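**Q** Pasted the sequence and its predicted model underneath.
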Amino acid sequence: MEAALALRDRIVTLAHGGGGRAMRDLIETVFTPVFEPPGMEDQARLMDAALQEPGARLAFTTDSFVVTPVEFPGGDIGTLAVCGTINDLAVGGARPLWLSAAFIIEEGCEVELLERVVASMQREAAAAGVRIVTGDTKVVGRGAADRLFVTTSGVGVIPPGRELSAARVQPGHVAIVNGVLGDHGATILAARGDLALSTDLRSDCAALGHLMEAVLAVAPGTSCARDATRGGLASALNEIAAAAGVGVVVEEDALPLRDEVRGMCEILGLDPLYLANEGTLVAFVPESEADAALAAMRSRAEGRNAVVVGRAVQAHPGQVRMATSFGGMRVVDMLVGEQLPRIC
Amino acid sequence: MCLGIPGRIVAITDEARQLALAEISGVRREVNVACIAEGPLDDLVGEWALIHVGFAMSRIDPDEAERTLQALRDLGEAQEALDAMAEGQRALEAAK
Amino acid sequence: MKFASEFRDPALAKALLARISDVADRIGATREKPVHIMEICGGHTHSIFRYGLDKLIHPGVEFIHGPGCPVCVLPMSRVDECVEIAMRPEVIFTTFGDAMRVPGHRMSLMQAKAGGADIRMVYSPLDALELARRNPDREVVFFGLGFETTTPSTALSIQQAARERLTNFTVFCNHITVPEPIKALLDDPDMMLDGFIGPGHVSMVIGTRPYDFIARDYGKPIVVAGFEPTDLLQSVLMVLTQIAEGRAAVENQYARVVPEDGNPVSLAAIADVYERRPSFEWRGLGEIDASGLRIRPKYRPFDAEEKFGIGYAVGRKAVDEPEGCACGAVMTGRIKPTACPQFGKGCTPDMPLGALMVSSEGACAAYWQYGGSRGLAAE
């Protein structure tokens, strides 16, 4: 009752960050009812059978999320924060188990927005079989943040004998992506509104823990996986090529792209290979296991459009090249900075 | 210089300011159609134009596009015939 | 995508490439003694690299990358002036994304933005107009940049602003024209070009007649080309055929978009709003007579140079280009990007020295991005 009273204006103020009753009210109204009641504590004491298995290793990761706009078609900052950290763990071969969530809230942020974000986080976490076990909130003055920043850290367990790393990629391994490229990046560009472009695109934001488990079950020779987030597929492949000391050749014809993403890229002069994804990973799999891995991905909604996009080769170690649909070959380098829309 | 792409005019949005909605591969954007307007703006709906920085700069002539493609196809056929001849010639030489 | 994908068909390209090889052989073009064809437009440079055309085509055909990238030919002093305007507290400075990273003498617009200037990337001058309507208490300045393709869009926007009596919208005009620098290149005694690929989108505005002098007075073939790969290959074939037949003419490969007389509405808007400057400074090429446009006195309230007392309005101070930067020599086709002593050393996309490394249309950036910093280009 008291909490409802304190939050009646439904706007976060600096008082909610003061450590006093207002802050407790905010946390008890918005966060604890959703995140696994009786709720988050400052510390979580974790127990899981998987930890006891001989040879099992802990995986630990952290990521901060800032996005404008905070809500967009297909998700919001909360979906990103949960999926992003789960995916970091998953592509490393870990089974994601627990997350922490820290919120930096700009004063003036609507409580309803917080509630929606928190609900998204809980929904994604539950679907992925992950618990949000601890958290924190801070409120900062207007202009010191852009409505809401979220940081999540995640802990997972890598089962014994599982070893995923870029260094294990061998020439001949094929590169498989689980879905279309660039949906998230293109959606955010359109959702910002300053380019006045409208599309029916939605972010591909999705947790990929179950998908990775499905792949690893049938393709145990999988050498490496990366989620193609910032910098897109091009950056993920470049990192792998550099770490593995192999070349990578991508087939332009094979790249799964929606018409709208192609359209956005043509209008703004962008390369879809560098657009961000939030539910897309690339996995390198021995050729003999490629069909099984593809089938495993395709059996899941988040892998329905899975396809082989290229392979690792002996030639041009450290470099990614693309065989263009036009019959040419070009280098796909790392980007220097963010891709900017251009008219030239 | 001058990134321009084909888009289709799908609706007139502001008659006075000569603005229309153009669609490019499922992406929609309001564009100025002053440069391609000849008669009533409504006649533009369904037309293809070259879009640059939010302006429909030039109508795309589907007949000319087809002519260019046909010339390329003809060239392809001619080249195939040439290749076939060269192939035949080589076979003849080899048979000798 | 209609009117684009059809022209990316590799099957069509195969025949074109074979025919190009036939003609190139016939005129004796070899890797050692190539035919030099300049694609004037940076968009063509981009397409050549994006589709790897330079690798697919007969080795006797060498592309020389022309000055047709408005960002690349923008002198540092103009970037400095942008920064100066953008730093004013009342100003919302709007620009195409292309210009954000171009180095100025002190900083780029990207750095100015980080330093507190209100700089916004827009897709269209229409978006800048809309910002002016929504922010009546702010000064909205649009960075008018580009060749004849882009000039009508700012001219029409200024006309619209005048109709609406907007008092807080101005254009910082840096529009330039294509024929004048081509003439300057052709007058260069070291010039070694054999033909030109003409800029398709500039030509949809100005038509094909402004290039007549190239064929008539200089005896060089020019073919106005579209931007898809078969467009470019077909245009190369048309140039080579002219050379083989000993002709020099203006031809139009891009007839689906380019009318011979250009676009009358665009031309009228340009003529109404703009007049020629006596001369305009080009990076790497210096001052070129009558190569730039300024806003006519009747639209003075929409001229940022006048409103803020900057640039040509107050007499400009020349700023030296950075030492060791060979953008000028690259742009005039005298050297390849990789021959510049700074390429990949003092000048990289992270720390560009010259504009050619910044714009994705710049020859150096294209060599870097598609040729690869570490491979292909050298192979």
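**A** Ah, there it is.
**Q** CA atoms for contacts and neighbours, from now on please.
**A** Fine.
**Q** Stretch C:201-211 spans what distance, first to last residue?
**A** 14 Å (CA to CA, to the nearest Å).
**Q** ok, the helix or strand harbouring residue A:156: who's next to it in the sheet?
**A** Following DSSP states H and E, one finds residue A:156 within strand A:148-158. For strand A:148-158, the paired strands and their directions (DSSP bridges) read strand A:57-65 (antiparallel), strand A:95-106 (antiparallel).
**Q** what mean pLDDT does the helix or strand following it have?
**A** Sequence order places strand A:174-177 as the next helix or strand after strand A:148-158, per DSSP H and E. Average pLDDT, strand A:174-177: 98.
**Q** cool, and stretch A:161-171?
**A** On average, stretch A:161-171 scores 95.
**Q** For it, could you pull out the residues that count as buried?
**A** A:162-166, A:168-171 (16 or more other CA atoms under 10 Å in any protein chain shown).
**Q** With stretch C:295-307 instead?
**A** Quick answer for stretch C:295-307 (16+ other CA under 10 Å): C:295, C:299, C:301-306.
**Q** Ok, stretch C:59-71 next?
**A** Quick answer for stretch C:59-71 (16+ other CA under 10 Å): C:59-71.
**Q** So which of those sit within helices?
**A** Using DSSP state H to define helices, no part of the buried residues of stretch C:59-71 is located there.
**Q** of all the residues you listed, which comes closest to residue C:25?
**A** Proximity of the buried residues of stretch C:59-71 to residue C:25 (CA to CA) peaks at residue C:60, which lies at 8.0 Å.
**Q** Now do the closest one against chain A, distance only.
**A** To chain A, residue C:60 is 18 Å away according to CA to the nearest CA, to the nearest Å.
**Q** and what of residue C:113?
**A** 14 Å.
**Q** what's the nearest residue to that residue once chain neighbours are set aside in contact with, if anything?
**A** In space, and not counting its chain neighbours, residue C:113 is closest to residue C:119: 5.7 Å by CA to CA, 6 or more residues apart in numbering or on different chains. Neighbour list for residue C:119: C:86, C:92-95, C:109, C:113 [criterion: CA atoms under 8 Å, 6 or more residues apart in numbering or on different chains].
**Q** what's the next secondary structure element after the biggest strand by length in chain B?
**A** The residue-count maximum for a strand in chain B (DSSP state E) belongs to strand B:5-14. Moving toward the C-terminus from strand B:5-14, the next helix or strand (DSSP H and E) is strand B:19-24.
**Q** Check whether the helix or strand just after that next one comes near chain A.
**A** Once strand B:19-24 ends, the next helix or strand along the chain (criterion: DSSP H and E) is strand B:27-32. Yes: against chain A, strand B:27-32 shows contacts by CA under 8 Å from any CA of the partner chain at B:27-30.
**Q** What is the subsequent helix or strand relative to strand B:27-32?
**A** Following strand B:27-32 in sequence, per DSSP H and E, is strand B:48-52.
**Q** now the angle from that next one to strand B:19-24?
**A** Here strand B:48-52 runs at an angle of 100 degrees relative to strand B:19-24 (axes from the mean of the first three to the mean of the last three CA atoms, to 10 degrees).
**Q** For strand B:48-52, name the packing helices and strands.
**A** Where contact means 3 or more CA pairs under 8 Å, 6 or more residues apart in numbering or on different chains; DSSP states H and E, strand B:48-52 is packed against strand B:5-14, strand B:55-59.
**Q** What strands line up against that strand, and which way round?
**A** strand B:5-14 (antiparallel), strand B:55-59 (antiparallel).
**Q** residue ranges with poor pLDDT in the chain?
**A** Chain wasn't specified; assuming chain A. A:1-9, A:36-43 (pLDDT under 70).
**Q** Not quite, go with chain C.
**A** Scanning chain C for pLDDT under 70 picks out the ranges C:315-321, C:360-361, C:371-379.
**Q** what ranges do the strands span in it?
**A** Going by DSSP E, chain C shows strands at C:35-41, C:61-68, C:91-95, C:119-121, C:139-146, C:169-175, C:195-199, C:222-225, C:250-252, C:274-276, C:279-282, C:286-289, C:293-295.
**Q** Which stretch among those is buried most, on average?
**A** Greatest average neighbour count among the strands of chain C goes to strand C:222-225 (a mean of 30), per mean count of other CA atoms under 10 Å in any protein chain shown.
**Q** Any residue of that one touching chain B?
**A** No: Strand C:222-225 stays clear of chain B (CA under 8 Å from any CA), getting no nearer than 11.5 Å.
**Q** and that strand, how far out from the chain's middle?
**A** Remark: strand C:222-225 is offset 16 Å from the chain centroid, using CA atoms, centre = their mean, to the nearest Å.
**Q** packing partners for that strand?
**A** Short answer (3+ CA pairs under 8 Å, 6+ apart): strand C:222-225 packs on strand C:195-199, helix C:200-206, helix C:229-244, strand C:250-252.
**Q** nearest spatial neighbour of residue A:130, skipping sequence neighbours?
**A** residue A:97 (4.8 Å).
**Q** Then residue A:329?
**A** In space, residue A:329 is closest to residue A:323, 4.6 Å off (CA to CA, 6+ apart).
**Q** one step back: who's in contact with the strand holding residue A:156?
**A** A:50-51, A:56-67, A:70, A:77-78, A:81-82, A:85-86, A:89, A:93-106, A:109.
**Q** near chain A, anything from the helix or strand bottoming out on mean pLDDT in chain B?
**A** Across the helices and strands of chain B, mean confidence by mean pLDDT, DSSP states H and E is lowest for helix B:62-95: a mean of 90. No: using CA under 8 Å from any CA, helix B:62-95 stays clear of chain A, with a minimum separation of 15.3 Å.
**Q** Run a quick neighbour tally on residue A:142.
**A** Neighbourhood size, residue A:142 [other CA atoms under 10 Å in any protein chain shown]: 15.
**Q** Need the three-state assignment for it.
**A** coil (DSSP: H, G, I helix; E, B strand; the rest coil).
**Q** Please report the distance of it from residue A:151.
**A** Counting by CA to CA, the gap from residue A:142 to residue A:151 is 19 Å.
**Q** close enough to count as contact, residue C:333 and residue C:67?
**A** No: at 9.1 Å, residue C:333 and residue C:67 do not qualify as touching, with contact defined as CA atoms under 8 Å.
**Q** who are the neighbours in contact with residue C:369?
**A** A:331-333.
**Q** List just the nearest of the contacts of residue C:119 to chain B.
**A** residue C:95 (11.3 Å; CA to the nearest CA).
**Q** Identify the residues contacting the longest strand of chain B?
**A** With CA under 8 Å, 6+ apart, strand B:5-14 has contacts from A:266-267, B:18-25, B:30, B:41-42, B:44-52, B:60, C:2-4.
**Q** hang on, the earlier thing: switch the strands of chain C over to CSV, and while doing so, append distance to residue A:27 to every line.
**A** Below are those laid out as CSV (distance: least, CA to CA, whole Å):
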stretch, distance to residue A:27
strand C:35-41, 59
strand C:61-68, 58
strand C:91-95, 39
strand C:119-121, 37
strand C:139-146, 43
strand C:169-175, 47
strand C:195-199, 61
strand C:222-225, 63
strand C:250-252, 69
strand C:274-276, 61
strand C:279-282, 60
strand C:286-289, 64
strand C:293-295, 59
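**Q** Tell me the spacing between the residue in the stretch 151-300 of chain C positioned nearest to chain B and residue B:50.
**A** Closest to chain B within the stretch 151-300 of chain C is residue C:256: 4.7 Å, counting by CA to the nearest CA. Distance of residue C:256 to residue B:50, given as CA to CA: 10 Å.
**Q** Done for today, thanks.
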